[in-house]
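**Q** starting from these lines, generate the structure:
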Amino acid sequence: MNSTIEKSLKLVRENQIEWLDLQFTDLPGRLHHITIPAKELTEESFKTGFGKLDGSSIRGFTTIYESDMVLRPVPETTALLPWNKGVARVLNQVFWGAGRGRFERDPRGVAEAAETFQEQRGLKSYFGPELEFFLFDKVEIDVSTPSSGTGYKIKAREAPWEKTGNFLIRFKEGYYPAPPVDQLMDVRLEIVETLTKFFGFEIEATHHEVATAGQGEIDFRFSTLVDTADKVQTLKYVGKNVAANKGLVMTFMPKPMFGDNGTGMHTHFSLWTADGSKNLMYDPSDEYAELSQTGRYVVGGLLHHARALSAIVSPTTNSYRRLIPGFEAPVYLAWSKGNRSAVIRVPSYYRGMEVAKRIEYRAPDPSTNPYLAFSAILMAALDGVNKKMDPGDPVDENIYHLTPERRKQLDIRELPRSLDEALDELESDLEFLKPVFNSSILDTYISMKRDEARAVAQYPHPVEMYYYLDS
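**A** Prediction:
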């Protein structure tokens, strides 16, 4: 018996698990589940899967006339659910019914294909995302008929107009304040303790973030592509459940609050030999940032494809409310050693540490589908290496403060200003993705995101009432 299958079955048996939660990810990146009796989990069921899925009811999947689909458990993702005694969860691959093979629009399948693609070239990549989020006491949403408009109200524990006891987080001073100013340390610690004890995470840090009202971040140790994407989905799942059990709302929406920092998912990336013996992006003789020529080609590939990547790593209309100057979000396509106004920076906290040499791609936000995002980042990086794309000179200036003439002189382009613009870029720059992204998933993804942008555009915005009601 496969050792991971044996370990999964042992976990279920020894903990007297009665129910098994089969979880999978749809095309936009949301987690879904169905719960079955745990006794149905056998060595054979890991091979045959469970015919439990109506694919026509899942966004981005299939049609009503070919809806029978199979969920096949991934044994190493089996874990106990501490808030549901007697229940375990397992992530799943998605297959067509009737023995037709792997479903081509299963996001996890794309990530698996990306890992295979790099392995065939003697390579291995590592990803380390920093997940930011907001914790709110209450969110009220009013999405009524189109004629009545759309509105929402947020009650935030640490909002600037509400003192928490005798303490107040002032505007732009939410980064690293100690308790009792930081009112959410207990919630974050419960989340990371749950991730560590029940889901095998190695947590590196958790802290309050810059935004005034309840913004936090959780960082876990880097890992391989598919495993990291699995961990992103798990972190969001665990965080939302812990928050809900405390009467809070956890959101990974990129920009829920006007006038304050948004929520990003800065993603650290490094490229190694397949056996893990050499970091191909490290060169101790490089005086600027110990970044090798291969590392520079990685940066070149990401910069070259960054506008197309935006449609995947910044995938919502709300993402582009975050990507504006003044809130530590990237806008300009440049790279630098420690410059957080550039879309790519090369962290340089230490010298002489091969394991630590990587780049940080700052455009992604956590509303993305991590399986698609990490795969697309890898393919852009490999395209840069394959075609020896020169990233140009680093920019060690505050790019937000440069004049348009100076940015033009430095050949600094901008990220797209909207989801529609990003989708236009993706449609014109698809070839680098095609070795692992099939046409079915690309066409469906673009169509789905066009529909989202079109739907949002139909609703009058509350601020439009302020500006134009007296027209």
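**Q** next SSE downstream of the worst-scoring helix or strand of the chain on mean pLDDT?
**A** Ranked by mean pLDDT, DSSP states H and E, the weakest helix or strand in the chain is strand 150-155, scoring a mean of 65. Downstream of strand 150-155, the first helix or strand assigned by DSSP states H and E is helix 185-199.
**Q** now that next one, how far from the chain's geometric center?
**A** Relative to its chain's centre, helix 185-199 lies at 19 Å (Cα atoms, centre = their mean, to the nearest Å).
**Q** what are the buried residues along it?
**A** Residues Met185, Val187, Arg188, Glu190, Ile191, Val192, Thr194, Leu195, Phe198, Phe199 are the ones in helix 185-199 that count as buried (16 or more other Cβ atoms under 10 Å). For the C-beta atoms, the positions are set from N, CA and C on the backbone; glycine is no exception.
**Q** which stretches of the stretch 201-350 of the chain form helices?
**A** For the stretch 201-350 of the chain, applying DSSP state H, counting those that start in this stretch gives helices covering 225-245, 293-313, 319-322.
**Q** possible to save those helices as JSON lines with distance to Tyr459, mean pLDDT and mean neighbour count?
**A** Formatted as JSON lines, the helices of the stretch 201-350 of the chain follow (distance: least, Cβ to Cβ, whole Å; pLDDT from 0 to 100; neighbours: other Cβ atoms under 10 Å):
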{"stretch": "helix 225-245", "distance to Tyr459": "26", "mean pLDDT": "97", "mean neighbour count": "21"}
{"stretch": "helix 293-313", "distance to Tyr459": "21", "mean pLDDT": "97", "mean neighbour count": "24"}
{"stretch": "helix 319-322", "distance to Tyr459": "15", "mean pLDDT": "94", "mean neighbour count": "23"}
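**Q** wasn't Thr368 part of a helix?
**A** No: assessed with DSSP: H, G, I helix; E, B strand; the rest coil, Thr368 is coil; it does not lie in a helix.
**Q** from what I can see it touches Val313, true?
**A** Yes: between Thr368 and Val313 there is a contact at 5.2 Å, judged by Cβ atoms under 8 Å.
**Q** so how many other residues sit close to the closest residue to Tyr350 other than its chain neighbours?
**A** Nearest non-adjacent residue to Tyr350, counting by Cβ to Cβ, 6 or more residues apart in numbering: Ala356, 6.2 Å away. A count of nearby residues for Ala356, using other Cβ atoms under 10 Å, gives 16.
**Q** so how far is Leu271 from Ala356?
**A** Noted for Ala356: a distance of 14 Å to Leu271, by Cβ to Cβ, to the nearest Å.
**Q** check Ala381 too.
**A** 6 Å.
**Q** for Thr35, list the residues it contacts.
**A** Trp19, Leu20, Asp21, Leu22, Val87 (Cβ atoms under 8 Å, 6 or more residues apart in numbering).
**Q** Lys236 is in contact with Leu31, isn't it?
**A** Yes: counting by Cβ under 8 Å, Lys236 touches Leu31, with 7.3 Å between them.
**Q** and the helix or strand harbouring Ala373 with helix 293-313, angle?
**A** For Ala373, the host element (DSSP H and E) is helix 370-386. With axes from the mean of the first three to the mean of the last three Cα atoms, to 10 degrees applied, the angle from helix 370-386 to helix 293-313 works out at 140 degrees.
**Q** mind checking how far helix 370-386 is from the chain centre?
**A** 14 Å.
**Q** could you do stretch 268-287 as well?
**A** 23 Å.
**Q** buried residues, that stretch. List them.
**A** Judged by neighbour count (16+ other Cβ under 10 Å), stretch 268-287 contains these buried residues: His268, Phe269, Ser270, Leu271, Trp272, Asn279, Leu280, Met281, Tyr282, Asp283.
**Q** got these as JSON lines, with pLDDT and distance to Pro325 columns?
**A** Formatted as JSON lines, the buried residues of stretch 268-287 follow (pLDDT from 0 to 100; distance: Cβ to Cβ, whole Å):
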{"residue": "His268", "pLDDT": "97", "distance to Pro325": "23"}
{"residue": "Phe269", "pLDDT": "98", "distance to Pro325": "24"}
{"residue": "Ser270", "pLDDT": "97", "distance to Pro325": "29"}
{"residue": "Leu271", "pLDDT": "97", "distance to Pro325": "31"}
{"residue": "Trp272", "pLDDT": "97", "distance to Pro325": "35"}
{"residue": "Asn279", "pLDDT": "96", "distance to Pro325": "33"}
{"residue": "Leu280", "pLDDT": "97", "distance to Pro325": "34"}
{"residue": "Met281", "pLDDT": "96", "distance to Pro325": "29"}
{"residue": "Tyr282", "pLDDT": "96", "distance to Pro325": "32"}
{"residue": "Asp283", "pLDDT": "95", "distance to Pro325": "33"}
